[in-house]
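Engineer: Kindly return the folded structure for what I paste below:
(one chain, ligands or ions: 1)
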Amino acid sequence: MRFLIINGPNLNMLGIREPDIYGRQDYSALESFIRSCCEAEGIEAVLFQSNHEGAIVDAIQQSYGNTDGIVINPAAYTHTSVAILDALKAVAIPAVEVHLSDVSKRESFRQVSYAGMACVKSFIGLGFEGYRQAILFLKGYLQTREAYTTAQP
Ligand code: DQA
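Structural biologist: From the prediction side, this is the model:
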């Protein structure tokens, strides 16, 4: 199983950026955490971080045909990007949304998630743990789907 894990703008500033909201661990700690979660589950992890909307769209498009699942924290593009929503719908790879902070308790402009409309589930406000939950959920989701598909006559 191969997962693409996408982190959007400013997540490379973790540890420096608003630590009371996003925590004190940096982006490389997040990468290590994600890699070890995937390794423990026997999942091949492809990690991608970008501050650019088009680069995220490109990464989603390039995953077509070679990726089983997508875990995505689109960061601020969550609340603005129809292009990322459309890319997720275009490739139709099962995707799970993650947010470190509890966006539901924050500003009104964070209450819409475009990317979330193309995701099978969202993990919000759990910090790094949200990525682990997303990886475990996606693995189970894909295994169930596979079992169901192969059981059909
Ligand atoms: C975020 C929440 C977004 O609203 C914000 O723009 C981010 C990070 C999170 O992980 O909590 O950059 O996606």
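Engineer: what's near enough to touch L88?
Structural biologist: I60, I70, I72, A95, A115, A118, C119 (C-beta atoms under 8 Å, 6 or more residues apart in numbering). From N, CA and C alone the C-beta is placed, and that goes for glycine too.
Engineer: Give me the spatial nearest neighbour of F128, chain neighbours excluded.
Structural biologist: F33 (4.9 Å; C-beta to C-beta, 6 or more residues apart in numbering).
Engineer: ok, that neighbour to C119 distance?
Structural biologist: Distance from F33 to C119, counting by C-beta to C-beta, to the nearest Å: 20 Å.
Engineer: So between the two, which is more surrounded?
Structural biologist: C119 (22 against 16; other C-beta atoms under 10 Å).
Engineer: Can you give me the neighbour number for the closest residue in space to D26 that isn't next to it in sequence?
Structural biologist: In space, and not counting its chain neighbours, D26 is closest to G15: 3.4 Å by C-beta to C-beta, 6+ apart. Residues near G15, counting by other C-beta under 10 Å, number 15.
Engineer: Does G15 touch F128 like I think?
Structural biologist: No: counting by C-beta atoms under 8 Å, F128 is not a contact partner of G15; they are 11.9 Å apart.
Engineer: Overlap of the contact sets of these two?
Structural biologist: Residues touching both G15 and F128 by C-beta under 8 Å, 6+ apart: G23, Q25, A29.
Engineer: Next up, the contacts around the first one.
Structural biologist: Meaning G23. Contacts of G23 by C-beta under 8 Å, 6+ apart are L14, G15, L100, G127, F128.
Engineer: Then the second one?
Structural biologist: Taking C-beta under 8 Å, 6+ apart as the definition of contact, the neighbours of Q25 are L14, G15, F128.
Engineer: how about the helices in this protein?
Structural biologist: 19-22, 27-40, 53-62, 82-91, 129-151 (DSSP state H).
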